[in-house]
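**Q** What would the 3D arrangement of this be:
(3 chains)
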Amino acid sequence: MTTLDEIVAHLGGQVVGDGKTRISGVNTLEAAGAGELSFLANPKYRAQLSTTHAGAVILAPEVVGDCPTAAIVTAQPYLYFARVAQWLQPVARPAAGIHPSAIVEGTSARSASVGPNAYVGPGTEIGEDVVIGANCHIGPNCRIGAGSWLHAGVNVYAGCRIGARAIIHSGAVIGADGFGFARDEDGSWVKIPQTGGVLIGDDVEIGANTTIDRGALEDTVVEDGVKIDNQIQIGHNVHIGMHTAIAGCVGIAGSTRIGRRCTLGGAAMIIGHLEIADDVNIAAGTMIAKSVNKAGSYTGWVPFLDHGEWLKNFSRLRHLDAMADRIRALEGRLAELEKKS
Amino acid sequence: MTTLDEIVAHLGGQVVGDGKTRISGVNTLEAAGAGELSFLANPKYRAQLSTTHAGAVILAPEVVGDCPTAAIVTAQPYLYFARVAQWLQPVARPAAGIHPSAIVEGTSARSASVGPNAYVGPGTEIGEDVVIGANCHIGPNCRIGAGSWLHAGVNVYAGCRIGARAIIHSGAVIGADGFGFARDEDGSWVKIPQTGGVLIGDDVEIGANTTIDRGALEDTVVEDGVKIDNQIQIGHNVHIGMHTAIAGCVGIAGSTRIGRRCTLGGAAMIIGHLEIADDVNIAAGTMIAKSVNKAGSYTGWVPFLDHGEWLKNFSRLRHLDAMADRIRALEGRLAELEKKS
Amino acid sequence: MTTLDEIVAHLGGQVVGDGKTRISGVNTLEAAGAGELSFLANPKYRAQLSTTHAGAVILAPEVVGDCPTAAIVTAQPYLYFARVAQWLQPVARPAAGIHPSAIVEGTSARSASVGPNAYVGPGTEIGEDVVIGANCHIGPNCRIGAGSWLHAGVNVYAGCRIGARAIIHSGAVIGADGFGFARDEDGSWVKIPQTGGVLIGDDVEIGANTTIDRGALEDTVVEDGVKIDNQIQIGHNVHIGMHTAIAGCVGIAGSTRIGRRCTLGGAAMIIGHLEIADDVNIAAGTMIAKSVNKAGSYTGWVPFLDHGEWLKNFSRLRHLDAMADRIRALEGRLAELEKKS
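**A** A predicted model of the protein is given here:
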């Protein structure tokens, strides 16, 4: 339990209305009750403001006049909400200690928690306040930085280094072999040993069942503050710049270098050996097949249609070149006629 | 061992030919032998009917004349086959009991089976006849309904509720954090605590390595009878209606609401905050970027071509707008000429 | 430590320069130091040749004149590099033996290694020199061929057979149920029991979090020498021919048959019940929706554009058919005019 006055004392912003309003948690505009703090960030939900039962709402100065309740006014309501939610609802961490069923062959800080049936290989260092969830497997000679939390069932291969305050979700695999083969004359493939590692910075979040391969010779690198959603594949020797955010189902092929503060929409695919500049936003479902040298927004998906409409229109794609030729021919013939007339 | 007569007594349909024909199992038209029951559902395989060695075939009334063997006639041969296969080849379930290496801190029904090295958190209730496979991790305060089967290596985060008779395959992750961050001024991301849960109805099947994120504030919901294939990503606060079926590699971004009895083809991608009506069929590989308000079939993939043909035709996509302008210009000039002539 | 002379004695090729040059490992042109062997295979990196500090470089005869160091000359530098890297940096395998926390109900060769908390079901045979990583789950009645290595956290369902020298990465799931359901009249789905298995040949590599479903009635088959990257979904009854290589995020739907020596680029999607010929190369991001009967390269993705350009051009896709009609109309009207003039 806290009050609006206490919240702004802690996080800034300005109270409009009764600063003594008591707050026990956060919720959506639609679901919030009297003791709850809500927020309006997406204009889509503006209509819900007038009917909310929230105790107070975090919002931007422009809409404070429409607010039927007390408010916290801030230029960035969503960011403010993130901070207040973290403060009001801190995540409970498992108690320190090594579960009797865990096998720790490396070293683990006294304040760390190692869960049931987890395995930590020889030479691996588990930092202060780290949580290693149940059934995690951390290979030999890894380093897991202070405050990181690996949820149940994360696999980290030998020699990977993960910075401080990482959050890695279940089923993520860090450091499996990159996909590197040379083709022999009979069509068979000869494996290139993958002897690089994975180097992950501080404050990185990695989603469930995401895979980040180890480098072939040098490391795959994920810089500080990168946020990676679920079901993402990051190939060997990829380098991802600071504060880039990557939505679910994205694939990034080997040796591609992504800049800082980029955003990659869901299911975007980036082929190998490319360079993507800083501050590039790639739309969901877009295939990036050449380097992007300039900040900006890039898109490349096709609109869906009713199936019949789609058949009629998209079958034309096989004949676009012929259509262009016909237009050029028409232009020539018309110019001839125009000359004559 | 059973007979055609016994099968129709149990499941309906009509025997044509010798009802005493003995049946020990099911198989394809091509592979079935004398004691096996096959089926013809896909017209593609009709040519195999005349040469089958099956003991009997399940088929529709229209094709019974072409059948060289005994037959079970039914309006829906594939559905009939599903039922007879379930009846003839019931899946063997592991014996009840908790494996000595499992750690159960919650409660587990006596008839449930908890496999080697599985972990069940405090406050979690495992229902009657449930199977929890080896190395599963079920966090605290979950509920797994009667008859559900979690195969080896499933991860369920705290507070998720799964209904009765679910089948969840290895590597699935239920309840990891949704991908929610607010951007700070320096480009860094501030995490929105994900405090909702996941609510899964009865008779749901979830494929291997599929991920279903927990809600941000409210729950992610999967209604009764939904079937979800492998490698699927379902974002936070998605709501999937009853009996919808989702093929492999699909992604559904946060807060999207999918109706009842929809089908989503493989690798379809649906962006966030959309509404998809009931009875919508989305083709494989289609990107859905706006709401679909009407039942029907929707498609949006591009045809592949021989690489040279593709280059020639698809490079025109960058100039479609110019092509349209040139057509409009031609129409104007031609109208001028026509006026004159 | 070895020398160039010893390397060519072992692997062929021809030394140019000092055959006594001592080599301790391999590295990239950019990073290699005096005792390291590098290679030039991709012409993109040719500029790095003149400035390399490598002790020697593997390269093709055409570029030997530009090489500032000793060299090993071979027609296939990348293949040679693969072999020399394997020879100089053999991967260390875990020691033979069953970890005390592992549960082996089947049989395991004396030379095999079974890791912490792994489970091997009854009737399963683990061959010579096999490595079963920590937390792996191998169901009953499987066979894992000699020399195979399953990394930590692999799940293999009952009755699957894996050949010799397989490498299977963490989180892969082999043999989960295929996605097979028949629709009932009320829209609900009735499960088709998936009673086939998975048959994997020799020398197959399977990436992290890849899923290969068991067959419905007959087996899903992966022939010898197939290489499969991460996050791939292979449906029930798919058949993949020898030496085919499949890059990350690919999906192959049920009953499709892929030929030998094919390559599938990242995120390619192949729908079900198709036939793909031998020696077919499918570009990244391509959707294959009909059979491919002829060897060759096939492509079907759309180019990305700056978002504004994309909006302008791709919105025309909904009107391609109308554009084609307008071109045809123009051609008719123009022919009329031409006749008159």
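**Q** so where's the stretch 51-200 of chain A shaky on pLDDT?
**A** Residues of the stretch 51-200 of chain A meeting the criterion pLDDT under 70: none.
**Q** How about the residues of it by chain C?
**A** Within the stretch 51-200 of chain A, the positions near chain C by Cβ under 8 Å from any Cβ of the partner chain are A:101, A:103, A:117, A:119, A:135, A:137, A:139, A:153, A:155, A:157, A:171, A:173, A:176-177, A:179, A:181-184, A:186-193, A:195. Quick note: C-beta positions are derived from backbone N, CA and C, even for glycine.
**Q** Residue of the stretch 1-150 of chain A closest to chain C, please.
**A** Using Cβ to the nearest Cβ, the closest approach of the stretch 1-150 of chain A to chain C is made by A:His137 at 3.8 Å.
**Q** Not counting its neighbours along the chain, what's nearest that residue?
**A** Leaving aside its sequence neighbours, A:His137 sits nearest to C:Ala152 (Cβ to Cβ, 6 or more residues apart in numbering or on different chains; 3.8 Å).
**Q** Is that neighbour part of a helix or strand, or is it coil?
**A** Using DSSP: H, G, I helix; E, B strand; the rest coil, the structure places C:Ala152 in coil.
**Q** Please report the number of neighbouring residues for it.
**A** 29 (other Cβ atoms under 10 Å in any protein chain shown).
**Q** surely it meets C:His169?
**A** No. Using Cβ atoms under 8 Å, C:Ala152 is not in contact with C:His169; the gap is 9.2 Å.
**Q** nearest spatial neighbour of A:Asp278, skipping sequence neighbours?
**A** Closest residue to A:Asp278 apart from its sequence neighbours, by Cβ to Cβ, 6+ apart: A:Gly259 at 3.7 Å.
**Q** so who does the one you found touch?
**A** For A:Gly259, the contacting residues are A:Gly241, A:Thr244, A:Glu275, A:Ile276, A:Ala277, A:Asp278, A:Asp279, A:Val280, by Cβ atoms under 8 Å, 6 or more residues apart in numbering or on different chains.
**Q** Just the buried subset of the residues of the stretch 51-200 of chain A next to chain C, please.
**A** A:101, A:103, A:117, A:119, A:135, A:137, A:139, A:153, A:155, A:157, A:171, A:173, A:176-177, A:179, A:181-183, A:187-193, A:195 (16 or more other Cβ atoms under 10 Å in any protein chain shown).
**Q** In strands, which of these appear?
**A** Judged by DSSP state E, strands contain the following of these: A:Ile103, A:Tyr119, A:His137, A:Asn155, A:Val173, A:Phe181, A:Ala182, A:Arg183, A:Trp189, A:Val190, A:Lys191.
**Q** What residues are recorded as beta-bridge partners of the last one?
**A** According to DSSP bridges, the residues that bridge with A:Lys191 are A:Phe181.
**Q** tell me the domain boundaries of chain A?
**A** What automatic domain parsing lists as the domains of chain A is A:2-88, A:307-340.
**Q** Now do the longest one: distance to the chain's middle.
**A** Between the mean C-alpha location of domain A:2-88 and the chain-wide mean there is a distance of 26 Å, by Cα atoms, centre = their mean, to the nearest Å.
**Q** Now do the end-to-end distance for it.
**A** Counting by Cα to Cα, to the nearest Å, you get 9 Å between the two ends of domain A:2-88.
**Q** Please say whether there is contact between it and chain B.
**A** Yes. Domain A:2-88 reaches chain B (Cβ under 8 Å from any Cβ) through A:26-28, A:31, A:44, A:76, A:78-79, A:81-83, A:85-86.
**Q** Contact partners for the residue of the stretch 201-341 of chain A found nearest chain C?
**A** The nearest approach of the stretch 201-341 of chain A to chain C comes at A:Gly300, 3.1 Å away (Cβ to the nearest Cβ). Counting by Cβ under 8 Å, 6+ apart, A:Gly300 makes contact with A:Ala283, A:Gly285, A:Thr286, A:Met287, A:Ile288, C:Trp301, C:Val302, C:Pro303, C:Phe304, C:Leu305, C:Trp310.
**Q** I'd like those residues as TSV, with secondary structure appended.
**A** TSV is the format used below for the contacts of A:Gly300 (three-state DSSP):
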residue	secondary structure
A:Ala283	coil
A:Gly285	coil
A:Thr286	coil
A:Met287	strand
A:Ile288	strand
C:Trp301	coil
C:Val302	coil
C:Pro303	coil
C:Phe304	coil
C:Leu305	strand
C:Trp310	helix
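**Q** Considering those, which possesses the most neighbours?
**A** Most surrounded of these: other Cβ under 10 Å gives A:Thr286, at 28 neighbours.
**Q** tell me the contacts of that residue?
**A** A:Thr286 makes contact with A:Gly265, A:Ala268, A:Met269, A:Tyr298, A:Thr299, A:Gly300, A:Trp301, C:Phe304, according to Cβ under 8 Å, 6+ apart.
**Q** now do 6 Å
**A** Counting by Cβ atoms under 6 Å, 6 or more residues apart in numbering or on different chains, A:Thr286 touches A:Ala268, A:Thr299, A:Gly300, A:Trp301, C:Phe304.
**Q** Excluding chain neighbours, what is closest to the last one?
**A** Spatial nearest neighbour of C:Phe304, chain neighbours left out: A:Gly300 (3.1 Å); criterion: Cβ to Cβ, 6+ apart.
**Q** Same question for A:Gly201.
**A** A:Asp224 (3.7 Å).
**Q** if we can go back for a sec, so of the ones in strands among the buried ones among the residues of the stretch 51-200 of chain A next to chain C, which two are at opposite extremes in space?
**A** Within these, A:Ile103 and A:Arg183 form the most distant pair, 40.4 Å apart (Cβ to Cβ).
**Q** In chain A, what residue lies closest to chain B?
**A** Across chain A, the shortest distance to chain B (Cβ to the nearest Cβ) belongs to A:Phe304, at 3.1 Å.
**Q** residues touching that residue, list them.
**A** A:Phe304 sits next to B:Thr286, B:Ile288, B:Tyr298, B:Gly300 when contact means Cβ under 6 Å, 6+ apart.
**Q** other SSEs contacting the top helix by length along chain A?
**A** Identified as the longest helix of chain A according to DSSP state H is helix A:320-340. Applying 3 or more Cβ pairs under 6 Å, 6 or more residues apart in numbering or on different chains; DSSP states H and E, one finds that helix A:320-340 contacts helix B:307-314, helix B:320-340, helix C:320-340.
**Q** Identify all contacting residues around the first one.
**A** The set of residues that contact helix B:307-314 without belonging to it, under Cβ under 6 Å, 6+ apart, is A:Leu320, A:Asp321, C:Ser297, C:Thr299.
**Q** and what of the last one?
**A** Helix C:320-340 is touched from outside by A:Lys312, A:Asn313, A:Arg316, A:Arg326, A:Leu330, A:Arg333, A:Leu337, B:Ile327, B:Leu330, B:Leu334, B:Leu337, B:Ser341, with contacts defined as Cβ under 6 Å, 6+ apart.
**Q** pLDDT of that helix, averaged?
**A** Across helix C:320-340, pLDDT averages out at 92.
**Q** Output that helix as PDB, restricted to C-alpha atoms.
**A** Extracted in PDB, the C-alpha atoms of helix C:320-340 (Å, rounded to 0.1, in the frame of the first residue of the first chain):
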ATOM      1  CA  LEU C 320      -2.700  -6.000 -60.200                       C
ATOM      2  CA  ASP C 321      -5.500  -7.700 -61.900                       C
ATOM      3  CA  ALA C 322      -7.300  -4.500 -62.700                       C
ATOM      4  CA  MET C 323      -3.900  -3.100 -64.000                       C
ATOM      5  CA  ALA C 324      -3.600  -6.100 -66.400                       C
ATOM      6  CA  ASP C 325      -7.200  -5.500 -67.600                       C
ATOM      7  CA  ARG C 326      -6.400  -1.800 -68.200                       C
ATOM      8  CA  ILE C 327      -3.300  -2.700 -70.200                       C
ATOM      9  CA  ARG C 328      -5.400  -5.100 -72.300                       C
ATOM     10  CA  ALA C 329      -8.100  -2.400 -72.900                       C
ATOM     11  CA  LEU C 330      -5.400   0.100 -73.900                       C
ATOM     12  CA  GLU C 331      -4.000  -2.400 -76.400                       C
ATOM     13  CA  GLY C 332      -7.400  -2.900 -78.000                       C
ATOM     14  CA  ARG C 333      -8.200   0.800 -78.200                       C
ATOM     15  CA  LEU C 334      -4.800   1.600 -79.600                       C
ATOM     16  CA  ALA C 335      -5.100  -1.100 -82.300                       C
ATOM     17  CA  GLU C 336      -8.400   0.400 -83.300                       C
ATOM     18  CA  LEU C 337      -6.800   3.800 -83.700                       C
ATOM     19  CA  GLU C 338      -3.800   2.400 -85.600                       C
ATOM     20  CA  LYS C 339      -6.200   0.700 -88.000                       C
ATOM     21  CA  LYS C 340      -7.900   4.100 -88.700                       C
END
